[in-house]
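> have a look; sequence and predicted model below, questions after that.
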Amino acid sequence: MMKRRAAALTLAVSMAAGLWGCGGGGSASTAETAPEVEVPTEPFGDTIKYDPSVPINDGKDITVELWEWGSDELFQQIIDGYTAMHPNVTIKLVNNPWEDYWTKLPLALDGQNGPAIFNVHNSYHENMINYMAPLEIPLEDLEADFTGVEAHVIDGNVYYIDYGMMTGSVYYNKEMWEAAGLTDADIPKTWDEMREVAKKLTIRDGDRLIQAGLNFNDDFHQNYLLGLNYQLGENLFLEDGRTPNVTSDAMKQIMQMLVDMYQVDGIGSADFGEKSSDSFGQGQSAMVIQWGHYYNTLNTTWTDIDFGVFEIPTFDGEPYAYNRYNGESTFGINKNAPADQQAVAQDFVKYFLANDDAQIAFNLAMSTFPAKKSLADNPEIMANPSLSVLAEHIDHYIWPGPMPSTMETSLKKAGEDIFYNGVDIDTALNAAQQEIIRDMQSSTFTSVEDLYKYAQ
C-alpha cells in the first residue's frame, strides 16, 4: 500500500500549472493572478472523447463537492480547467488528512449530503465500493484507452480504474557508485550481479558497517517478498484467488536470498538504520528498492543526494513478470448523491480521462507510469527516470488486486522474526500463511492475477 505523501506532490504541481489548456483540456484558475489560457471548444481525447460544447445541467447553476487528501493544488488545476468550460458548475474541493479521510468519507457517503466525487485508493476498495455508482463510459472505450481495465470489472460494471501504475525500482547513489569504480556498464541485470555490485558499494571499518551496499530494512515485505515471487513463476495467491501462497518454494528462495545478502554477503544489516528509505536519503546506503513516490521524495526531502534509477534485476533471463504494481485510482462517484450531481460527476470523470494534460500532470505528481496507452512514450513522462526505466517492460508487471493489508503486515512480521528473533524461514512463513488466512475470512477479496496478460 502507498500512503499519500503531500510533499511528494509539490514538485509536479508547479509542472502541471498551465498545462490544462494544451492538447487535452481547458484551464482557467480561480486565483486572481493566474494567467488566462485558451479554453477548448472542440472535442478532444482518444477513444474516450470529451465535448466541451455540451451543456452541463442544462446550463443551470449547480454545486458539487470533491473530497481528496493532501494535494489541493493539483486537484484545483483540473477543477479550474473543467469549470472554465462550464462556468455554471462549482466544484468545492474538500481536503481531509489521510488519517481522517477513510473514517469520515464512509460516514458522509452513507447519508444524503456526501460528496458527489471523491478520491479513491484501492486499498480501501471493500469499504468504498458499495457507495459507488458505475461509470457510464462504455467498457470497450475504457479498455481501448487504458491498461488494466479488465481487472476492475465487477459484474460487467467499472466503478474506477487506474490512471497510473506504481512499482519498485532500484535507486542508487551516483557519488558512491563512481567512488566504487562503477560505471553505467555495471548496472546489474540479474540478482547475482546485483549482489556483486552491492559488495563493491559496501564500506566497513573492521566489523562496523559504514556504508551499506544495499539496504532493505522496513521495506523487504513490499519490494521483495510481495513481488519477486512473480520472477520465479509463482503468484501470490493459489488458483482459487483467495488462498495465500506465501509458503511457496519461490517465497522461501527470496527470503533466503535476503538473509544471505546480510549474513553472508555482508552488504547490509538489520541494525543499520530502521528505514532503508531514510538511510539512502541520509547518504548511508548506496542502493535501495523503492516505489515510484520515492523519486519525488528524494527531490523534495533529500535534495543533496545525486541519484540514478534502474529497473529491478531478475533471477535469470526474461521472467514471468518483473514485479507487482499498484494503481493510482480515478475518482469515485457517490451513488447516493442527487441525480443532477451524479451527472456532473460522471461528466467530470470523463473529462479527466480524455484530458492528456491532466493525465500527464497527475502521473508526474505521483511518479506513476501512465495507464493511458497513448502516453506510454510521452516525452514528459520519459524525462522522469523512475518512469522511463519501466517503459520497456511495463506490460510485464502484475496487479494482484486490492490486497488486504494483512498480506503486508503478516509478511513484515515474518521477516522481522527471522532477522531479529532467530525464527527459521519455514516457521515464520508458515505463521504468516495462517495469519493471512484467518484475517481474510471476512474479506471478499479475490486475486485478479489470472487476468495478467501473460498469465500461466
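Nice, thanks for sending it over.
> excluding its backbone neighbours, what's nearest Gln76?
In space, and not counting its chain neighbours, Gln76 is closest to Leu93: 5.9 Å by CB to CB, 6 or more residues apart in numbering. Heads up, the C-betas are built off the backbone N, CA and C, glycines and all.
> report the contact partners of the one you found.
Glu65, Leu66, Glu68, Asp72, Phe75, Gln76, Ile79 (CB atoms under 8 Å, 6 or more residues apart in numbering).
> could you measure from the fourth one over to Phe352?
When distance is defined by CB to CB, to the nearest Å, Asp72 is 16 Å away from Phe352.
> try the third one
Computed as CB to CB, the Glu68 to Phe352 distance reads 13 Å.
> which of the contacts of Leu93 fall within strands?
Taking DSSP state E as the definition of strands, the contacts of Leu93 contribute Glu65, Leu66, Glu68.
> CSV for these, including neighbour count?
CSV is the format used below for these (neighbours: other CB atoms under 10 Å):
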residue, neighbour count
Glu65, 20
Leu66, 21
Glu68, 21
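> for Ile117, state which of the residues you listed is nearest.
Of all these, Ile117 sits closest to Leu66, with 4.3 Å by CB to CB.
> give me the pLDDT for the closest one.
Per-residue pLDDT puts Leu66 at 98.
> just give the nearest non-adjacent residue to it, would you?
Ile117 is the one closest to Leu66 (CB to CB, 6+ apart), at 4.3 Å.
> identify the residues contacting Ser285.
Asn173, Gln211, Ala212, Gly213, Leu214, Asn215, Gly268, Phe272, Gly273, Ser276, Ser279.
> returning to that earlier point: show me which of Asp72 and Phe352 is the more surrounded one.
Phe352 (22 against 16; other CB atoms under 10 Å).
> coming back round to it: my guess is the residue nearest to Leu66 meets Ile91, correct?
Yes. The criterion here is CB atoms under 8 Å, and Ile117 meets it with Ile91 at 7.4 Å.
> between these two, who's got more neighbours?
For Ile117 versus Ile91, neighbours defined as other CB under 10 Å are more numerous around Ile117 (27 against 23).
> got the domain ranges for this protein?
Following automatic domain parsing, the chain resolves into domains at 7-165+328-376, 168-324+404-451.
> need those domains in JSON lines with distance to Asp395, can you?
Formatted as JSON lines, those follow (distance: least, CB to CB, whole Å):
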{"stretch": "domain 7-165+328-376", "distance to Asp395": "8"}
{"stretch": "domain 168-324+404-451", "distance to Asp395": "9"}
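> lowest average pLDDT across the ones you listed?
When those are compared on mean pLDDT, domain 7-165+328-376 scores lowest, with a mean of 88.
> now do that domain: distance to the chain's middle.
Here the centre of domain 7-165+328-376 is set off from its chain's centre by 17 Å, with CA atoms, centre = their mean, to the nearest Å.
> what segments of the stretch 1-150 of the chain are helices?
In the stretch 1-150 of the chain, the helices defined using DSSP state H, counting those that start in this stretch lie at 7-16, 72-85, 98-109, 125-128, 139-145.
> for Tyr160, find the nearest of those.
Tyr160 lies closest, by CB to CB, to one member of those: helix 125-128, at 8.8 Å.
> tell me where the stretch 301-450 of the chain has helices.
339-354, 356-366, 379-382, 385-388, 406-421, 425-439.
> those helices: which one's closest to Glu449?
Here helix 406-421 is closest among the helices of the stretch 301-450 of the chain (CB to CB), at 12.6 Å.
> and that closest one, what other elements does it pack with?
Using 3 or more CB pairs under 8 Å, 6 or more residues apart in numbering; DSSP states H and E, the elements in contact with helix 406-421 are helix 249-263, helix 425-439.
> of all these, which lies closest to Thr41?
Proximity to Thr41, assessed across the helices and strands packed on helix 406-421 by CB to CB, is greatest for helix 425-439 (53.0 Å).
> what sits up against the closest one?
Taking CB under 8 Å, 6+ apart as the rule, helix 425-439 contacts 243-244, 246-247, 251-252, 255-256, 259, 404, 406-407, 410-411, 413-415, 417-418.
> got a markdown table for the helices of the stretch 1-150 of the chain, with distance to Ile436 too?
Below are those laid out as a markdown table (distance: least, CB to CB, whole Å):
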| stretch | distance to Ile436 |
| --- | --- |
| helix 7-16 | 29 |
| helix 72-85 | 35 |
| helix 98-109 | 21 |
| helix 125-128 | 16 |
| helix 139-145 | 32 |
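> any idea which of those helices is most buried?
Of those, the one with the most neighbours on average (mean count of other CB atoms under 10 Å) is helix 72-85, at a mean of 22.
> what is that helix packed up against?
Here helix 72-85 touches helix 7-16, strand 62-68, strand 89-95, helix 339-354, helix 356-366, going by 3+ CB pairs under 8 Å, 6+ apart.
> format the ones you listed as CSV; extra columns: distance to His121.
Formatted as CSV, the helices and strands packed on helix 72-85 follow (distance: least, CB to CB, whole Å):
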stretch, distance to His121
helix 7-16, 14
strand 62-68, 10
strand 89-95, 15
helix 339-354, 16
helix 356-366, 11
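> isn't Leu298 up against Phe307?
Yes. With contacts counted by CB under 8 Å, Leu298 reaches Phe307, the gap being 5.8 Å.
> now do the shared contacts for the two.
Common neighbours of Leu298 and Phe307 (CB under 8 Å, 6+ apart) are Tyr171.
> coming back round to it: ranking the helices of the stretch 301-450 of the chain by burial, who's on top?
Buried most deeply of those, by mean count of other CB under 10 Å, is helix 356-366, with a mean of 24.
> mind saving the C-alpha coords of it as CSV?
Provided in CSV are the C-alpha atoms of helix 356-366 (Å, rounded to 0.1, in the frame of the first residue of the first chain):
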residue,chain,number,x,y,z
ASP,A,356,-4.0,14.1,-21.7
ASP,A,357,-2.5,17.1,-19.9
ALA,A,358,-4.3,16.2,-16.7
GLN,A,359,-3.2,12.6,-17.1
ILE,A,360,0.4,13.7,-17.5
ALA,A,361,0.3,16.0,-14.6
PHE,A,362,-1.2,13.5,-12.2
ASN,A,363,1.2,10.8,-13.2
LEU,A,364,4.2,13.1,-12.8
ALA,A,365,2.9,14.2,-9.4
MET,A,366,2.7,10.6,-8.2
